[in-house]
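K.L.:
Okay, predicted coordinates and the sequence, questions at the end:
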Amino acid sequence: MTVPRCLTIAGSDSGGGAGIQADLKAFAAAGCFGTSAVVALTAQNTIGVTAVQELPPGFVRAQLEAVFDDIGVDAAKTGMLFSRAVIDEVADLLNEHRVPLVVDPVMVASSGAKLLQDDAVDALVGRLFPLATVVTPNLLEAEALAGRDGTRRELAERIHELGAAAVIVTGGHGEEAIDHLFDGHSHVEIEIDRHDIPATHGAGCTHSATLAALLARRESLEDAARGAARTASEAVRNGLVEIGAGEGPVNVLA
């Protein structure tokens, strides 16, 4: 295959700014062919999430099998997974088909809506972290996963102890505009450009999807992390502030 193949396993955003929709745009922008397995539907726009409808776990597996059996996957990412049942099904399938995997532990939408059920957090950590090439929490997610506050360095080390091979605590939140990468051996700080633009919807999805795409293109983890940081920052800089009445979507295709 001359075109890298990337798979996103996540929720659908009816507003087009985050989730599956953001991932597929990021894959395309990185020169990859994108496929998807939808785990949940959201009624969502730039203002917030008003409803979530989970798909049957068996149907999620059927989507994954359809992609792996015919098209193939060079790298995958997970986003919103919502429930323990879905996580178990996804983990079973990915354990059978080991590929470079980015786990974006989406827990709460930027609007505050809960996107991961309380009893699913242990399954996310116990089932998916050991399969992941890298886990990409933002600062708030990292603190929730680590069970405490701390610097990005400290949080990355704690999440690595939970079973993740490598961790990037992203720099979109907090005072420091830095993505912190820890692979169990080395700490790497990646400075990012922040832009004071009210169009950040989908920035996290764009980052993790771009990271997966660059891994599919066989870049090293550090190079892929740097590329994902640049891409997400530029997507915000070119964000579509005129779309919707709330936080506009990023524009990775600019």
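P.N.:
Alright, I've got the coordinates. Here the structure is a predicted model, which means the values were calculated and not measured.

K.L.:
Sketch out the low-pLDDT regions of the chain for me.
P.N.:
Scanning the chain for pLDDT under 70 picks out 1, 110-113, 172-174.

K.L.:
at 80 what do you get?
P.N.:
1, 108-115, 172-175 (pLDDT under 80).

K.L.:
Go through it and flag its longest helix.
P.N.:
Counting residues, the longest helix in the chain under DSSP state H turns out to be helix 221-237.

K.L.:
Leaving out sequence neighbours, find the closest residue to the most centrally placed residue in the chain.
P.N.:
Taking C-alpha atoms, centre = their mean, the centroid of the chain lies closest to Asp104, which sits 3.3 Å from it. In this structure, Asp104 finds its nearest non-sequential neighbour in Ser208, 3.8 Å apart by C-beta to C-beta, 6 or more residues apart in numbering. No exception for glycine: its C-beta is placed from N, CA and C like everyone else's.

K.L.:
Please enumerate the strands of the stretch 51-200 of the chain.
P.N.:
75-78, 101-103, 134-135, 167-169, 178-182, 187-191 (DSSP state E, counting those that start in this stretch).

K.L.:
Most tightly packed of those strands?
P.N.:
Burial of these is given as mean neighbour count (mean count of other C-beta atoms under 10 Å); strand 167-169 ranks first at a mean of 30.

K.L.:
which SS class is Val3?
P.N.:
Assigned by DSSP: H, G, I helix; E, B strand; the rest coil, the conformation of Val3 is coil.

K.L.:
Might one say that it is in contact with Phe33?
P.N.:
Yes: here Val3 lies in contact with Phe33, judged by C-beta atoms under 8 Å, at a distance of 4.9 Å.

K.L.:
okay, those two: which has more neighbours?
P.N.:
Legend: neighbour count by other C-beta atoms under 10 Å for Val3 and Phe33, higher for Phe33 (18 against 10).

K.L.:
Show the contacting residues for the more buried one.
P.N.:
Shown in contact with Phe33 (C-beta atoms under 8 Å, 6 or more residues apart in numbering): 3-6, 27, 71.

K.L.:
Residues in a beta bridge with it, which ones?
P.N.:
Under DSSP bridges, the beta-bridge partners of Phe33 are Arg5.

K.L.:
gap between it and Ala254?
P.N.:
As judged by C-beta to C-beta, to the nearest Å, Phe33 and Ala254 stand 21 Å apart.

K.L.:
Kindly report the same for Val73.
P.N.:
According to C-beta to C-beta, Val73 and Ala254 sit 27 Å apart.

K.L.:
With Ala146 instead?
P.N.:
Taken as C-beta to C-beta, the span from Ala146 to Ala254 is 34 Å.

K.L.:
same deal with Ile190?
P.N.:
21 Å.

K.L.:
likewise Ala212?
P.N.:
In terms of C-beta to C-beta, Ala212 sits 20 Å off from Ala254.
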